[in-house]
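> need a structure here:
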Amino acid sequence: MRSVLCFLAIWLSSGIWAQSDLVPTPTDFVRREGAFVIGKGQTILVEGTSAGQVDEIFRKQLDDMKLSQSNSEGVVIFQLLSEVGIFSEGYILDVKSDTAKIMASTEAGLFYGKEALLQLIRVGKGRVGACRIQDSPRFAWRGFMLDESRHFFGKEKVMQYLDIMASLHLNIFHWHLTDEPGWRIEIKRYPDLTKIGAVGNWHDADASAAFYTQEDIKDIVSYAAERHIMVIPEIDMPGHATSACRAYPEISGGGEGRWKGFTFHPCKEETFEFISNVLDEVVDLFPAPYIHIGGDEVHYGNQNWFTDSDIQQFIKENHLVNETGLEHYFIRRVADIVASKGKKMIGWDEIVDADVSPEKAVVMWWRHDRKYQLVKALERGYQVILTPRLPMYGDFVQYPTHQIGRLEYNLLEDVYRFPESLMNLVQGYEKQLLGIQYSMWTERIADNKRLDFMTFPRLFAFAEAAWSPTNVKYYGRFMKKLPSYLNVLDQLGIYYFNPFNPSATPEPIGPDKQDVLKNG
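Now for the predicted structure:
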């Protein structure tokens, strides 16, 4: 809690702000005459028994601001309502000379309304201009993904990012915990997953084992929940399973060259027993209704499927046509396992072709060059999350002089303007569009400095893309208020890309395999 209070205190004191400079930009903002004065010992009322501890949290945040006013005759009211007109996660902030009232139909709405009021309090040093804000998010899914298999960043860094996410009204933390280089989640039934599978990372195969204990995960999930952030774990399969297969080679489906041990064995019942047992422990740790199972890029390392006699016999006996059909069989089996545990599967957009029921699966569209896959997912009735590589992958470079990253650029402006260029494709399917996500893959991101550099300030632009409706989004206005946010990052010790003066923040260069040109 202390770190988020410090973050807010720095953020909200970082310059002279206008109320229109709130981030994300609110849906509707109306100024009024007069002002509300808030001070120490502020009277705070809560109306609604399910309002949580919002008043206690708010009071702690006020104390952290060290307001100069000794008293205030005004009253701050948090009101939890069920009336029509306040959308889920939305809020109304009504500020008059004698009251500042936050109204919402959910605890999340009260939380976001509180965040807006705190910004206004800091701007005016305890004096808030009278106004009425009515605000609600454009998208229900406002996600950030962090890959910790390639490189591990640890509990403190994750919590720092959760603090920043909460202040930006982001509500989904997609946690990529398993892949080729390392398995990062303790599974007590299979201790070798962390004893062996957690050893190494993308640039150093012999790096000491790094993973989260189950107690660590409980702490992080609880910390996120206090900030109205849902944590979605990803356990990647049937490809990108190298770390698990290294620990338990009996369930490996083979692979060649750099893709050795890349897939789970797609036919053995032992494989599905292993997956079910792992997910039993995962389900106990993550209360979210979803589990992400990956499902992408299986063809990178399924060479053994074409030559293994048992696999070929299985394909024939089950009338699966070919190896791709076997991949789809695997996905359907896993979807059933996930459903049996009361969860819904999320997978990358390859799963669209696996013929999984839309009742059991959500599609995460990532291949920007395959728009037909997005259209196909929508036509087949799937709920969809948009996170295309262009412009939603954070490991793509952001400036022409940068050398480390993917082949193309994901510019700050492109992130901000997302997803407008795609809305024609989803026309008529808007109810199936859950939202959007900014995804940070870490093959070429080995430390906190580079992680921050590739995340900021693009995450600020993404927050407005995810929350604010099109009619209040103006890139020019965003750029005018961005320096205040960069000042916040300076005070937090976060190293970021400065779009106003790129030479002032040189690109951090990482070790070994990370030091490759853009097409590496």
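> I figured Ala140 hits Ile436, correct?
No - counting by Cβ atoms under 8 Å, Ala140 does not reach Ile436; the two are 10.2 Å apart. For the C-beta atoms, the positions are set from N, CA and C on the backbone; glycine is no exception.
> Name the residue in those two with the higher neighbour count.
Between Ala140 and Ile436, Ile436 has the larger neighbour count (other Cβ atoms under 10 Å), namely 22 against 15.
> Just give the closest residue to the more buried one, not the sequence neighbours.
Leaving aside its sequence neighbours, Ile436 sits nearest to Leu386 (Cβ to Cβ, 6 or more residues apart in numbering; 4.8 Å).
> and that neighbour, how far is that from Asn424?
Using Cβ to Cβ, to the nearest Å, Leu386 is found at 13 Å from Asn424.
> of the two, who's got more company?
Leu386 (24 against 7).
> surely the more buried one meets Leu433?
Yes - the pair Leu386 / Leu433 is scored as a contact, 7.2 Å apart, by Cβ under 8 Å.
> and the residue nearest to Ile436, what does it touch?
Residues in contact with Leu386 (Cβ atoms under 8 Å, 6 or more residues apart in numbering) are Trp365, Leu374, Met392, Phe418, Pro419, Leu422, Leu433, Gly435, Ile436, Gln437.
> would you turn the residues you listed into TSV with pLDDT, distance to Phe460 and secondary structure?
As requested, these are exported to TSV (pLDDT from 0 to 100; distance: Cβ to Cβ, whole Å; DSSP: H, G, I helix; E, B strand; the rest coil):
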residue	pLDDT	distance to Phe460	secondary structure
Trp365	99	23	strand
Leu374	98	26	helix
Met392	98	15	helix
Phe418	98	13	coil
Pro419	98	17	coil
Leu422	95	21	helix
Leu433	98	23	strand
Gly435	99	17	strand
Ile436	99	15	strand
Gln437	99	15	strand
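> could you dump the residues you listed to a markdown table with distance to Pro358?
Shown next, in a markdown table, are those (distance: Cβ to Cβ, whole Å):
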| residue | distance to Pro358 |
| --- | --- |
| Trp365 | 14 |
| Leu374 | 14 |
| Met392 | 23 |
| Phe418 | 24 |
| Pro419 | 21 |
| Leu422 | 20 |
| Leu433 | 14 |
| Gly435 | 17 |
| Ile436 | 20 |
| Gln437 | 19 |
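> Would you show me how to pick out the buried ones of those in ChimeraX?
Listed next is the ChimeraX selection for buried residues among these, using 16 or more other Cβ atoms under 10 Å:
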select :365,374,392,418,419,422,433,435,436,437
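> ok, so of the contacts of Leu386, who is nearest Arg184?
Closest approach to Arg184 among the contacts of Leu386 (Cβ to Cβ): Gln437, at 19.6 Å.
> Can you tell me how far the closest one is from Leu279?
Using Cβ to Cβ, one obtains 22 Å as the distance from Gln437 to Leu279.
> swap in Arg458?
33 Å.
> The helix or strand harbouring Ala463 packs against which elements?
Assigned by DSSP states H and E, Ala463 belongs to helix 458-467. Counting contacts by 3 or more Cβ pairs under 8 Å, 6 or more residues apart in numbering; DSSP states H and E, helix 458-467 packs against strand 141-147, helix 412-417, strand 433-440, helix 475-492.
> what's the angle from the longest one to helix 458-467?
Just to be clear, that refers to helix 475-492. On the basis of axes from the mean of the first three to the mean of the last three Cα atoms, to 10 degrees, helix 475-492 is oriented at 130 degrees to helix 458-467.
> now the helices for the stretch 201-350 of the chain?
For the stretch 201-350 of the chain, helices defined by DSSP state H, counting those that start in this stretch occupy the ranges 214-226, 242-247, 269-285, 309-317, 323-340.
> Show the average pLDDT along the second one.
This predicted structure assigns helix 242-247 an average pLDDT of 98.
> contacts for that helix?
With contact meaning Cβ under 8 Å, 6+ apart, helix 242-247 is reached by 149, 178-183, 190, 192-193, 195-198, 200, 251-253, 255, 259-264, 301.
> Quick one: distance of that helix to the chain centre.
Its chain's average C-alpha position is 26 Å from that of helix 242-247, according to Cα atoms, centre = their mean, to the nearest Å.
> quick one: Tyr300 and Gly239 touch, right?
Yes - with contacts counted by Cβ under 8 Å, Tyr300 reaches Gly239, the gap being 6.3 Å.
> list residues touching both of those two?
Common neighbours of Tyr300 and Gly239, using Cβ under 8 Å, 6+ apart, are Phe262.
> Settle it for me: which of the two has more neighbours?
For the pair Tyr300 and Gly239, the greater number of neighbours falls to Gly239 (26 against 17), based on other Cβ under 10 Å.
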